[in-house]
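Trainee: Give the three-dimensional model of this entry:
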Amino acid sequence: MILKKLRFAMYLAMITTSVPADAEAAEPSNIDPTPLLVQVQVHNSAEIGQQTETFTHPASGADSSHLLDFVSGAQSVASGGVSALPYLNGLASDNLNLRVDGISIPNACPNQMIPPLSYLPSSQIGKIEVYPTVAPVSVSDNAMGGTILVSATAPIFASPTQKYTYGGSVGAFYQSNGDIHGENLSVYGATPHFSIQYAGSLSQGDNYQAAKGFKAATSSIPAKTVGSSAFRSENQSVTLAGRWNTQELTLRISHQHIPYEGYPNVRMDLTDNQQTSFNLHYRGGFHWGFVDARVYNVLIQHEMNFLPDKITAMAPEMPMYTQGVKNGLRLEFGLDLSPQDLLRTGIEVARYHLNDWWTPVPSNRMMGPDTFWNIRDGRQNHYDAFADWSHHWSPEWMSRLGLRFAAVDMNSGPVQGYNPMMYGNPAMPGSVPGQFNAADRSRSFSNWDLSAILQYHPTAATALELGYARNVQAPSLYELYPWSSNQMAMFMNSFSGDGNGYIGNLHLRAQTSNTISASLHLEESHWDLRVTPYVNYIQNYIGVERCPTSLGGACTIANRNVESGFVNLQYRNQNALIWGVNLQGQTLLLRSQQWGDFFLDGKMAYTRGENLSLDVPLYRIMPLNGNLTLRQDWGHWENWMRETLVASKTRVDPLRNELQTPGYGLLELGTRYRSGPWQASLRLENLLNQLYYQPLGGVYLGQKPFVYGIPLPGPGRSVNLDLRYQF
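Mentor: Numbers count the residues shown, from 1 in each chain. You can find the predicted model right below:
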């Protein structure tokens, strides 16, 4: 009872005082940020006023998505150990514009195992920029949600008075729950005009533990062990850079190898993933403006199968392979038309090629003797042009207006199943693969995006912003082209964490989102508060319906009517509405020469999503959530106590048989010490060892047999240590 009253009081405090930065996000004013910290910038919309909030976060941990945890409206959707999916204001995954070092890395997996943020470990990230609602067209892409721009650490050059310089950093971390640990190293050498840098990192962990047993125990997996959550990830990069006057040319070559990664809410596991990218970036400043150019190549080779927790005598293996190649070019000019006007204009070309095939399984005659082609010769090519005009009307009024056109061409080749008996004969026009191969599979989309932002600063302590964005998003290859209605094949094309089966739809139209947001920012010497309501009406939203019986296979009458268990779905265009409000702020409670400064930080987010076509809730909408942090900045020390509160999730999608989850509260204690080149931190997460289920985590599928009805639990208590040294 006392704990419930305390949490209720904390919620009231969140609403009546303030609520952005967290304990780890706000740095002491007397300590400058160093490369040991990641800079996170949250833009309400445009970089034309004081509506950008900047905070820092320790560059540690296995999963880079945790760097967004303290952005109001942002969450991490549980997946593999290094592969949580970013979530912003009701949208996630392909519906967000995620760029890593200027590259929108494609989804090269039918289970979406490797999201873009997983390709850059936190120790190699220098800056993250977040546009939660409305983003200028010059940074947007083929996505209808918010924008997250992730940049690697910038090249380091010697000063003009130095002949050369060198240095680097080394770090390690450990998390007791799951025995998760990692190491990272970065070294560089530079002259005033040339720089070379190497960065490497390794992280791995075993299965993590829930606070209590949440399922029946087996001989190999205890009741509280979350099966298939072990992982290992290796990342290396080399950066070469040259600088002269106001121009800089950078070549970054990176390679990631994930030899294994379990997925506790997916039927398959990752058994090998290799990604190699070449990224050449030029930026030059001139008296008339700037030029920004980028050319890149990304190769992804992805393999799936079963890790030990999912292997059974009846199903010892099921190898699946994906190869994705993306080449792109981006050219942007910034023209200083006047002291009050900046015009950004540019073009962008991206060509993506995907093959997804499953080799025969010798131990299972139904899965052979042929290769199953899920997507063959899939292609998605983008040709974009944009113009973006910023104008300062007066010291108080600023605006930014942009227009973007994108031509998107898509196609795929003929397909086949493991054998004609179980999957249809491609040579027969009436069969499922025969109909798909005979259909016109080419698709073309002409998308117009618009952004309009207005900012008003009546005083130095007050800012008001209004924004509107129209974003059009073409379907993905995995929404259009998966063709088989066989039960096994549909289960393999599932990236929603719900355990259901999915089939593509060649007739999908592009989604069009219309987002309106407002933001009020109030700031005084001892407190600040930001309130951001938003509404997003989405035409032709790509939702789902139970797959029609005309598709045959597992698309049965029973499947259309069942109200529990796993079901089979087809992507369909619908209309949807997402609206909500984000609050964040902080207040100074006490300033003491002896004990330092005490702050109360916090955030709160409320989101509601409706499928207007079917009058049901949208899938994976986060319930009311927030946190409060009591933080002490005391010289080289930073100490905090944080309570995270999440309401129960009762509004669920009946089409997917989405599971409800109860509300919960988590307590965390932490301390961090920074002095010169050293940084060390200790955190006690989930201190009270509460059993809780993640509202966005989907269904537990960490071991066989797969059982419907168990939500994915979060980790129990963990002692987390982090140490970094800069030299």
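Trainee: Which parts of the stretch 501-650 of the chain are helices?
Mentor: Shown for the stretch 501-650 of the chain, the helices assigned by DSSP state H, counting those that start in this stretch span residues 557-561.
Trainee: where does it have low pLDDT?
Mentor: The model of the stretch 501-650 of the chain has no residue with pLDDT under 70.
Trainee: Same question for the chain.
Mentor: Answering for the chain: the residues below the bar, that is pLDDT under 70, span 1-37, 44-60.
Trainee: Give me the distance between residue 139 and residue 295.
Mentor: As judged by CB to CB, to the nearest Å, residue 139 and residue 295 stand 18 Å apart. C-beta coordinates here come from the backbone N, C-alpha and C atoms, glycine included.
Trainee: quick one, which of those two is more surrounded?
Mentor: For residue 139 versus residue 295, neighbours defined as other CB atoms under 10 Å are more numerous around residue 139 (22 against 16).
Trainee: Residue 257: which element?
Mentor: Per DSSP states H and E, residue 257 falls inside strand 247-261.
Trainee: for stretch 134-152, the distance to its chain's centre please.
Mentor: 12 Å (CA atoms, centre = their mean, to the nearest Å).
Trainee: again, but for stretch 320-336
Mentor: Relative to the centre of its chain, stretch 320-336 is centred 18 Å away, using CA atoms, centre = their mean.
Trainee: Using PDB, write down the CA coordinates of it.
Mentor: What follows is stretch 320-336, C-alpha atoms only, in PDB (Å, rounded to 0.1, in the frame of the first residue of the first chain):
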ATOM      1  CA  MET A 320      17.500 -19.800 -44.100                       C
ATOM      2  CA  TYR A 321      19.600 -17.300 -46.000                       C
ATOM      3  CA  THR A 322      19.300 -13.700 -47.000                       C
ATOM      4  CA  GLN A 323      21.700 -11.400 -49.000                       C
ATOM      5  CA  GLY A 324      21.000  -7.700 -49.300                       C
ATOM      6  CA  VAL A 325      23.100  -5.100 -51.200                       C
ATOM      7  CA  LYS A 326      22.500  -1.400 -51.100                       C
ATOM      8  CA  ASN A 327      24.300   1.300 -53.100                       C
ATOM      9  CA  GLY A 328      23.500   4.900 -52.700                       C
ATOM     10  CA  LEU A 329      24.400   8.500 -53.400                       C
ATOM     11  CA  ARG A 330      23.300  11.700 -51.700                       C
ATOM     12  CA  LEU A 331      24.200  15.300 -52.800                       C
ATOM     13  CA  GLU A 332      23.000  18.300 -50.800                       C
ATOM     14  CA  PHE A 333      23.700  22.000 -51.300                       C
ATOM     15  CA  GLY A 334      23.200  24.700 -48.700                       C
ATOM     16  CA  LEU A 335      22.800  28.200 -50.100                       C
ATOM     17  CA  ASP A 336      23.000  31.300 -47.900                       C
END
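Trainee: Buried residues in that stretch, which are they?
Mentor: 320, 321, 322, 324, 325, 326, 327, 328, 330, 332, 333, 334 (16 or more other CB atoms under 10 Å).
Trainee: Right, I'll leave it there.
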